[in-house]
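Novice: sequence? don't have it. structure:
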């Protein structure tokens, strides 16, 4: 595999330096994912912009975490599952929900499970859902806006999951205790 550079602020291309400085200010360090993405300032900026936009969507904190983790697990992202495990727990998502998401198990909350199933279908079917699938999601209490908000989360996670696959991004020490491997 090609050895991708995990940039520091000092080694990053000039256009990525302010983006990494912002990351360091937000996280107290530069996450390895951001260091890898810094090779392309546009990629890093797009990722950070999509993240900020997804945080502002109509989805609740728990719902956003369901979307992120469902996509991370479905895409078997060795980096994002541990990272988003830490994020979900830090944001107050209950441990039972986090454990179920990590293992791909159904969620006890019917609304969150409908969101998980919709997100899985969106990923697996590459956006080609039937009218029935969309109607079932809306019947679970969601809206057309939620449909598009989930898609925004998918766009964000595609950038990170695929970058991590290509770069084999090392998991940050802060997330190491949440190491994850896809089930066989």
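Specialist: Looks like it came in fine. This structure is a prediction, so every number in the text was calculated from the model and none was measured.
Novice: can we go C-alpha only for contacts and neighbour counts from here?
Specialist: Fine.
Novice: low pLDDT regions in this protein?
Specialist: Residue ranges of the chain with pLDDT under 70: 1-2, 184.
Novice: residue contacts, residue 140?
Specialist: Taking Cα atoms under 8 Å, 6 or more residues apart in numbering as the contact definition, residue 140 lies against 110, 111, 114.
Novice: Assess the claim that the second one and residue 141 are in contact.
Specialist: Think residue 111. Yes: contact criterion Cα atoms under 8 Å: residue 111 and residue 141 qualify, at 7.3 Å.
Novice: What count of nearby residues applies to residue 145?
Specialist: By other Cα atoms under 10 Å, the residues close to residue 145 number 13.
Novice: what helix or strand does the closest residue to it other than its chain neighbours sit in?
Specialist: Using Cα to Cα, 6 or more residues apart in numbering and skipping residues adjacent in sequence, the residue nearest residue 145 is residue 58, 7.4 Å away. Using DSSP states H and E, residue 58 sits within no helix or strand.
Novice: who's in contact with residue 58?
Specialist: Per Cα under 8 Å, 6+ apart, neighbours of residue 58: 145, 146, 149.
Novice: check contacts around the second one.
Specialist: Yep, that's residue 146 we're talking about. Neighbouring residues of residue 146 by Cα under 8 Å, 6+ apart: 58, 59.
Novice: rerun that using 10 Å as the cut-off
Specialist: 57, 58, 59, 115, 137, 138, 152 (Cα atoms under 10 Å, 6 or more residues apart in numbering).
Novice: Secondary structure and distance to residue 83 added to the contacts of residue 58, as TSV?
Specialist: As requested, those are arranged in TSV below (DSSP: H, G, I helix; E, B strand; the rest coil; distance: Cα to Cα, whole Å):
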residue	secondary structure	distance to residue 83
145	helix	27
146	helix	24
149	helix	21
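Novice: coming back round to it: who has more neighbours out of residue 111 and residue 141?
Specialist: Each of residue 111 and residue 141 has its neighbours counted (other Cα under 10 Å); residue 111 has more, 16 against 11.
Novice: Quick check: phi and psi at residue 26.
Specialist: Phi and psi for residue 26, reported as degrees, to the nearest 10, are phi -70, psi -40.
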